[in-house]
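Model the following, please.
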Amino acid sequence: MQDIFIGRQPIFGRDLKLFAYELLFRSGTANHAGQFDGDQATSQVIVNVFMELGLDQIVGTHWAFINMTRAFITATAPLPFPRDRVVLELLEDIRPDPEVIEGLRSFTDQGYQVALDDFIYHESLRPLVELAHIVKIDLMAVPREDLAGHVEQLRQYPVKLLAEKIETEEEFEYCKGLGFDYFQGYFLSRPSVVQGSQLPPNRLAVLQLLAKVQDPNSDAHDLERLISQDVALSYKLLRYINSAFFAFPKEIDSIRQAVVYLGTRAIKTWVSLLAVAGLGDKPVELVTQAMQRARMCELLARAARRPNPESYFTVGLFSLLEALMEAPLAQILEALPFSEEIRDGLLKQQGPYGEALACVIAYERGDFGHAVFGRLTPAQTTEAYLEATRWADKSATELSV
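Just a heads-up that it's a prediction; the model follows:
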């Protein structure tokens, strides 16, 4: 078992009754976040809350505020949690470009509540305010003499106002007098850390499942088989689908039932989250590169009319396993039922699979003279690279949701 942590800070109403908790990334018992990647942190919070500890255990019947990075806002995959329990908190460094506005509008159309974090009003941010339900104002960022003006400006919109980083009783009473609706800060309550335990999923199992959910030809049986091979993945999925969020009349006690009820799209979302959250200190870009290699190998094989193009995909995907899993590739491959041809392709870059992988790696390095596969022309190789890049970037975006 492995310890997991979630920070939470209460948010109160005007009557000082508990309204919500803001859920915060924590990597240990220390009550601060430390250095972290924003997308990984959000993924880890979502996985810990919904698949490990359970939303009800952390926030009870109250709302949960969860920080959203730009990647989560602009992704097309659905958010896998209840719209009547979660407030999506837009971080202050996200600019309101057309993609962000479209993403937020999609969430509000689905019924999600949106909060703007550490907000300082500027006319360029008006599109965000028009979509928001709650605006959080940081008392440390807005001078006292400007606070009343901010409140008056924002009262033109149908939003609730939340005063955050309240340090004293005097600040609380002043903000209450200005008409703030919600309050958060050390004067009222400091963040606490909720600790639990998890079965860490096997990185290799997650990566295999990730490859399968990216395959448009995969079906529920394929997903069931792969999930069932990993105890931690099975446990997380069954815990999630039996949560109060779904409220099924009877317990779902098999992976097959879970996959059927959730559907491939929802499974893909959760696998993507688990992949990002499980990277630890590994950059998301490493998984993106592996997926790009996988897709380019497959496209080269299809263009050259080679048999079993899906095996070329596997070779490209697993070509970076050594970096992802911090173990020798030969040792990793001992646990996988691969043919000698695939092993030779990965370990020696020999045979048909090795030829494709060598071509892809040469192209990545700009060594175009050695980026050769069969009788494909340089133009065909470039076309495969560009299409693989587009596909990997799109998949990486979906990874963040």
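
Show the contacting residues for residue 112.
Residues touching residue 112, when contacts are defined by Cβ atoms under 8 Å, 6 or more residues apart in numbering, comprise 79, 83, 86, 87, 88. Where you see a C-beta, it was placed from the backbone N, CA and C, and this is true even at glycine.

What subset of those is buried?
Neighbour-count burial (16 or more other Cβ atoms under 10 Å) applied to the contacts of residue 112 gives 79, 86, 87, 88.

Can you tell me which of these is nearest residue 344?
The shortest separation between residue 344 and any of the buried ones among the contacts of residue 112 is 42.5 Å, and it belongs to residue 79 (by Cβ to Cβ).

Which helix or strand contains that closest one?
In this structure, residue 79 sits in neither a helix nor a strand according to DSSP states H and E.

Same check on residue 194?
Using DSSP H and E, residue 194 sits within strand 192-198.

before we move on, what about residue 387?
Here residue 387, judged by DSSP H and E, is contained in helix 378-399.

helices and strands around that helix, which ones?
helix 255-277, helix 284-303, helix 351-364 (3 or more Cβ pairs under 8 Å, 6 or more residues apart in numbering; DSSP states H and E).

just to revisit the earlier point, format the contacts of residue 112 as TSV; extra columns: distance to residue 156, pLDDT and secondary structure.
Written out in TSV, the entries for those read as follows (distance: Cβ to Cβ, whole Å; pLDDT from 0 to 100; DSSP: H, G, I helix; E, B strand; the rest coil):
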residue	distance to residue 156	pLDDT	secondary structure
79	29	77	coil
83	26	87	coil
86	27	93	strand
87	22	96	strand
88	23	95	strand
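
hey, what's residue 22 bridged with?
According to DSSP bridges, residue 9, residue 65 are recorded as the beta-bridge partners of residue 22.

one step back: which pair of the buried ones among the contacts of residue 112 spans the longest distance?
Farthest apart among the buried ones among the contacts of residue 112 by Cβ to Cβ are 79 and 87. That separation is 11.9 Å.

Could you double-check that residue 258 lies in contact with residue 252?
Yes. Contact criterion Cβ atoms under 8 Å: residue 258 and residue 252 qualify, at 5.5 Å.

any idea where the strands of the stretch 1-150 of the chain begin and end?
Ranges of strands within the stretch 1-150 of the chain are 2-13, 18-25, 63-68, 86-90, 113-116, 134-138, based on DSSP state E, counting those that start in this stretch.

How far away from the center of its chain is the second one?
Chain-centre distance of strand 18-25: 19 Å, with Cα atoms, centre = their mean, to the nearest Å.

which strands and helices sit next to it?
Under the contact definition 3+ Cβ pairs under 8 Å, 6+ apart, strand 18-25 sits against strand 2-13, helix 38-47, helix 55-59, strand 63-68.

Please tabulate these in a markdown table, including the columns mean pLDDT and mean neighbour count.
Below are the helices and strands packed on strand 18-25 laid out as a markdown table (pLDDT from 0 to 100; neighbours: other Cβ atoms under 10 Å):
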| stretch | mean pLDDT | mean neighbour count |
| --- | --- | --- |
| strand 2-13 | 86 | 18 |
| helix 38-47 | 80 | 23 |
| helix 55-59 | 84 | 17 |
| strand 63-68 | 93 | 23 |
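
out of these, which comes closest to residue 352?
Set against residue 352 and scored by Cβ to Cβ, the helices and strands packed on strand 18-25 come closest in helix 38-47, at 35.8 Å.

now the angle from the closest one to helix 378-399?
On the basis of axes from the mean of the first three to the mean of the last three Cα atoms, to 10 degrees, helix 38-47 is oriented at 50 degrees to helix 378-399.

CA-only coordinates of helix 38-47 in PDB, if you can.
Once non-C-alpha atoms are left out, helix 38-47 reads as follows in PDB (Å, rounded to 0.1, in the frame of the first residue of the first chain):
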ATOM      1  CA  GLY A  38      -0.200  21.600 -12.600                       C
ATOM      2  CA  ASP A  39      -1.700  19.000 -14.900                       C
ATOM      3  CA  GLN A  40      -0.300  16.100 -12.900                       C
ATOM      4  CA  ALA A  41      -1.400  17.800  -9.600                       C
ATOM      5  CA  THR A  42      -5.000  18.200 -10.800                       C
ATOM      6  CA  SER A  43      -5.100  14.600 -12.100                       C
ATOM      7  CA  GLN A  44      -3.700  13.300  -8.800                       C
ATOM      8  CA  VAL A  45      -6.400  15.300  -6.800                       C
ATOM      9  CA  ILE A  46      -9.200  13.900  -9.000                       C
ATOM     10  CA  VAL A  47      -7.900  10.300  -8.800                       C
END
